[in-house]
Structures are given as C-alpha cells and as structure tokens.
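# sequence first, predicted model second:
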Amino acid sequence: MSDYLQTGPLRNIVKTLKIPVPVILDRAEIDVPIKEDEFWGRKIKIDGTPESASLKASFKKKLDERGVDFVEGEGIVEGLVYIALAPSKIADLKPLYTFINANLKSVKPNGRVIIVAKNWQEGDHPEQKAALRSLIGFTKALAKECGGFGTTVQLVYAEAPLFSSHTGFLEKVLPVVHFFLSKRSSFITGQVIEVKDSGVDENVHYYQSLQGKIAIVTGGARGIGGDTVKCLAREGAKVVIVDVPAMEKDGKQLAEQVGGDFLAKDITTPTAPKEIRDYIIANYGNLDILVNNAGVIRDKMIVNMKPEQWDLVLNVNLEAAIRLTEAFLEIGMNQNGRIIGLSSINGIAGAAGQTNYSASKAGLIGYIQAIAEREWMRGITANAIAPGFIETQMTENLPFFIKEGGRRLSALKQGGLPIDIAETITFLSSPMASGISGQVLRVCGGNFVGA
Ligand SMILES: NC(=O)c1ccc[n+]([C@@H]2O[C@H](COP(=O)([O-])OP(=O)(O)OC[C@H]3O[C@@H](n4cnc5c(N)ncnc54)[C@H](O)[C@@H]3O)[C@@H](O)[C@H]2O)c1
C-alpha cells in the first residue's frame, strides 16, 4: 500500500538516473490537532484588486495575530494569497497575472497559492461573470504548472454578501483559506470551493472543535475510514465505527485506541439503519456527524458483470448510505449536523470496468446535493468527497498499469494517502466549513480524470 517512487531504494535509483521523481508531500502528522496558530512563522505574500483593500487588511490582521509573517517585496515565501473581489473588466485580471508572475518563483516547494473571489455566477454583468469565471481556468492551469513542486492552487468562491461584511468574511472564508494553506490539504489542488453565506450559523473555532460531537464512520475499521476515525477523535469527537462483523477485531482495537466505540453491522441488511440509529440514540442521545465511507469494488466490463456484482456495489456504496442517512434525518440530527459521502473521481468521469462503481459514486453525489439543498435551512451541511487514487487495500491489487495511471496522470504525479481524505472529512465536519454545503470536493492530487 505504498508508492515505490515515494520511499525505498527504487526512488534513489530513479533519481540517480536523473528521471524526475514525485515530490514528497509535506503532511501534518495524524496526531497533531488543528490549531488557530498552526502557521506561526510561516511566510505569506498577499495582494488583491483595489476594491478588496479593506478586506485584505482585516484578513492580514487576523492571520498576523496568528503569527503569519507577511512578506513585502523580495523574499522566499510558503504561500501566495490573492483577493479578487470584483474584477469588472477582463483587463482587471492583469494584476493577478503580475502578482503570480512576479512571485511564483519565490514560493518554496510544497507551497500554497489561494485565490479568493466573488462567485462568478453572482457577477453584476456579463463581462464581470467572464472575468470571475476565467479564474477557474487560471487555477486549474496553474495547479498543473506547480504540481511538480508539490505546490497546490485553489480558488475559493465566496457568496457576494460575505464580501460586504468583515465578520462574515472572517468567519466563513478565512477558516476555508486556513485549511487550504495548511499541511492538511497537501493532496488537494486545482479545486474550486464555494462558500455560502446564509443558512448555517456556527461559532467558528479551531482547536478541539469536535468536543462533545458524536460521529459515525461506516467502514471505519481500516483504510480511509480508519484514518478518519483517528482524525475526528483527535479533534474531540466520540466516534462510533460501523463495519462488517469480519472487521470486528480491527474495529474494536481502533475504537479502543481512540476512545471510541465499535458496532459490528453490515450496512446493507434491511434492519441496519434502524438498529444503528437505535444504538446511537440509546447510548449517545443523537448524532452530529455521519461519514458514509463504506464502499466496495467489483470491477468487470458490463458484458461480463454478474448481477450480484452489480447489486453488491450499488447496495453498499449507494442504497445503504441513503437508507442510513435518511434514518437519521428522519429524526433530525443535532444542530449543525454534518453528512459526508465518499464518492470518487470515477463517479465524475466514469471508468471502464466500473459501470457499477461509477454509477454508485455518481448517484451518491446526486443524493448528497439533493439533501444539502433540503437540509441547509435546518443547519445541516452535506458534502461529497471525490478521492483520486489513494494507496489503500482497495487499490492495492489493481493491475500495475492502472495503478500507475491513477498515480502519475495527475498534477502532483502521485497517489494520495488515507490521511489526505481523512483530514478533508474532518475539515468538512468542523465549524471551519460552516459555509460549505452541496459541494463535491476532489481530493485527487489534481488527477486529470474527469477534471
Ligand atoms: N482507495 C481509493 O483509491 C478510493 C478512491 C475513490 C474513492 N474511494 C472510496 O473511499 C471509501 C473508502 O475506501 P478504502 O480505500 O478505504 O476502502 P477499504 O476497502 O480499505 O475499506 C472499506 C471499508 O468498508 C467496509 N465495508 C465494506 N462493505 C461494508 C458493509 N456492507 N457494511 C459495513 N462496512 C462495510 C470494509 O469492511 C472496510 O473496512 C470507499 O467508499 C471507496 O469507494 C476510495
């Protein structure tokens, strides 16, 4: 479950032959909790369009209080932030070009570039919409240029009212920028994240923000689910691992390690949703975070696919996730509830040999977006994560060339680790993401599939 170009002798041999090897991504350790001042001493350069001057100033002040060292003029930096509030004409994009053109070379490997802009759909007139929309192409292209250095690039689109209130901007947009500046988002690049203003109102804090929260992670005994359990528990959540009886030993061991709980349950059985819900109500009162992570693959070209292979994948990955989520939504989750669904980039692009899997993962996006709309006013957010190639037992036995394609055909030229997905799930579960709902966040190293 590891990339031979990341560790060990092969990396050194390939390097000696002067063949480029993928950069080693700088990640946060799994047991280090999120802190407001985790960027202490990091060097960042910030700029923006003239109208964003006062927002830029309050943004800078906040990060300054957290120990960020803002560099003016020359100097090596770890990140670039650009606030493109309201480019009115295409010509207004030129300062962005100038800022990146002049400063990109001074960004250290594993750096960050973040552009914050008003959502293009809210542009005041067609030329402004065009200017704001062009930032998507810019972000994706720049992500591909920077990927070889492990530098990531994101575009944060915020709803217009967030630009007119400093409080809204600092409570909803700043925490999102925080996550993307951090070492917890190392495998995410070339993404567009939309931040909403209305609806969910939550007191933003960073350290131990999941204290007192009850979370379920289905398929939490190993892989992505296992690291998710560790990250959620690290932030203070009580995590209930739901996994098949065959995973009881691993699940119980992990639950013990993180002070959580293990419930042996195959989520596809007809009675599972009610039994899981009853267990949570009886033992914990109610639920705050539901991570629909359990998933399986049964890859076959459709002409060779057996009905049971179709049924199993659709059942575990989609139908059971819907039934479990509905069981909790029926009674209403706790205030500021969070629902997260594990989709896949193959649910966006479709993959040969995976009609069952791609259908299930595309369907999960549909379901998540539907409930996000329905539950937003009840204060519950729902988001999907679309991992790219992640080094787990699920991908370990894939044929060599499929694995290599999954890893190398991407901006960062490597597969991700379970922790990359786990940290993103944790971020979406936290008050830092109170403005994010109905999104599909690709955690894929800038994979070219479906991008
Ligand atoms: N690994 C990747 O590259 C990748 C890429 C895209 C999406 N994903 C998705 O991420 C999720 C986790 O993947 P992973 O790589 O950690 O997989 P994994 O196979 O390592 O772990 C999946 C877990 O789900 C559990 N599970 C399976 N069927 C279950 C059922 N009926 N009831 C309860 N639990 C069940 C398994 O026992 C296991 O613990 C899956 O939904 C997968 O489709 C993974």
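Happy to help now that I have it. Residues are numbered from 1 along each chain as shown.
# what residues are up against the residue of the stretch 251-400 of the chain at minimum distance from the ligand?
When scored by Cβ to the nearest ligand atom, the stretch 251-400 of the chain has G295 as its residue closest to the ligand, at 2.2 Å. To be clear about C-beta, it is placed using only N, CA and C from the backbone, and glycine gets the same treatment. Applying Cβ atoms under 8 Å, 6 or more residues apart in numbering, we find G295 in contact with 219, 316-317, 342, 360, 394.
# hmm, 6 Å instead?
Counting by Cβ atoms under 6 Å, 6 or more residues apart in numbering, G295 makes contact with N317.
# would you agree L441 falls within a strand?
Yes: according to DSSP: H, G, I helix; E, B strand; the rest coil, L441 belongs to a strand.
# identify the bridge partners of it.
Beta-bridge pairing of L441 under DSSP bridges involves I385.
# surely L441 touches I385?
Yes: using Cβ atoms under 6 Å, L441 makes contact with I385 at a distance of 5.4 Å.
# ok so, going back, can you classify the residue of the stretch 251-400 of the chain closest to the ligand by secondary structure?
With three-state DSSP as the basis, G295 sits in coil.
# repeat for K61
With three-state DSSP as the basis, K61 sits in helix.
# start at 431 instead
Got it, first residue is 431 now, which makes that one K491.
# tell me the pLDDT at it?
K491 is assigned 94 on the pLDDT scale.
# tell me the first helix or strand C-terminal of the element among helices and strands of the chain having the smallest mean pLDDT.
The helix or strand of the chain with the lowest confidence, counting by mean pLDDT, DSSP states H and E, is helix 439-446 at a mean of 73. Sequence-wise, the next helix or strand downstream of helix 439-446 (DSSP states H and E) is strand 473-478.
# for that next one, name the packing helices and strands.
strand 507-514 (3 or more Cβ pairs under 6 Å, 6 or more residues apart in numbering; DSSP states H and E).
# just the C-alphas of the next helix or strand after the strand it packs on, formatted as CSV.
Once strand 507-514 ends, the next helix or strand along the chain (criterion: DSSP H and E) is helix 524-533. C-alpha atoms of helix 524-533 as CSV (Å, rounded to 0.1, in the frame of the first residue of the first chain):
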residue,chain,number,x,y,z
LYS,A,524,-3.8,41.7,-15.3
PRO,A,525,-2.7,42.4,-11.7
LEU,A,526,-3.4,38.8,-10.8
TYR,A,527,-1.1,37.7,-13.6
THR,A,528,1.5,40.2,-12.5
PHE,A,529,1.4,39.1,-8.9
ILE,A,530,1.8,35.4,-9.7
ASN,A,531,4.3,36.0,-12.5
ALA,A,532,6.5,38.1,-10.2
ASN,A,533,6.2,35.9,-7.1
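# flag every buried residue along helix 524-533.
By 16 or more other Cβ atoms under 10 Å, the buried positions in helix 524-533 come out as 525-526, 529-530, 533.
# likewise stretch 826-834?
Going by neighbour count (16+ other Cβ under 10 Å), the buried part of stretch 826-834 is 833-834.
# what of stretch 568-587?
Here stretch 568-587 shows 568-570, 572-574, 576-577, 580-587 as buried, counting by 16+ other Cβ under 10 Å.
# export it to PDB, keeping only CA atoms.
Extracted in PDB, the C-alpha atoms of stretch 568-587 (Å, rounded to 0.1, in the frame of the first residue of the first chain):
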ATOM      1  CA  PHE A 568      -6.400  30.000 -14.400                       C
ATOM      2  CA  THR A 569      -6.500  28.000 -11.200                       C
ATOM      3  CA  LYS A 570      -6.500  24.600 -12.900                       C
ATOM      4  CA  ALA A 571      -3.800  25.600 -15.300                       C
ATOM      5  CA  LEU A 572      -1.600  27.000 -12.600                       C
ATOM      6  CA  ALA A 573      -2.200  23.800 -10.500                       C
ATOM      7  CA  LYS A 574      -0.700  21.700 -13.300                       C
ATOM      8  CA  GLU A 575       2.300  24.000 -13.600                       C
ATOM      9  CA  CYS A 576       3.000  23.900  -9.900                       C
ATOM     10  CA  GLY A 577       2.300  20.300  -9.200                       C
ATOM     11  CA  GLY A 578       5.800  19.000  -9.800                       C
ATOM     12  CA  PHE A 579       6.900  21.100  -6.800                       C
ATOM     13  CA  GLY A 580       4.100  19.900  -4.600                       C
ATOM     14  CA  THR A 581       2.600  23.400  -4.600                       C
ATOM     15  CA  THR A 582      -1.100  23.400  -4.700                       C
ATOM     16  CA  VAL A 583      -3.500  26.000  -6.100                       C
ATOM     17  CA  GLN A 584      -7.200  26.600  -5.100                       C
ATOM     18  CA  LEU A 585      -9.900  29.100  -5.900                       C
ATOM     19  CA  VAL A 586     -12.300  30.000  -3.100                       C
ATOM     20  CA  TYR A 587     -15.500  31.500  -4.500                       C
END
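# give me the mean pLDDT for it.
Across stretch 568-587, pLDDT averages out at 97.
# how far off centre is it?
15 Å (Cα atoms, centre = their mean, to the nearest Å).
# what does it rub up against?
Outside of stretch 568-587, the residues within contact range by Cβ under 6 Å, 6+ apart are 453, 455, 537, 539-547, 549, 565, 606, 610, 619-624, 841-842, 876.
# helices - which of those residues land there?
565, 606, 610 (DSSP state H).
# return the distance of the first one relative to A645.
Going from L565 to A645 by Cβ to Cβ, to the nearest Å gives 34 Å.
# show me which residues of this protein sit near the ligand.
648-649, 651-655, 673-674, 677, 696-698, 723-726, 746, 772, 774, 817, 819-820, 822-825 (Cβ under 6 Å from any ligand atom).
# on that earlier part again, pull the residues that contact the least confident helix or strand of the chain.
With contact meaning Cβ under 6 Å, 6+ apart, helix 439-446 is reached by 434-435, 451.
# which of these has the most neighbours?
L435 (21 neighbours; other Cβ atoms under 10 Å).
# give me the local confidence score for that residue.
Listed pLDDT for L435 reads 82.
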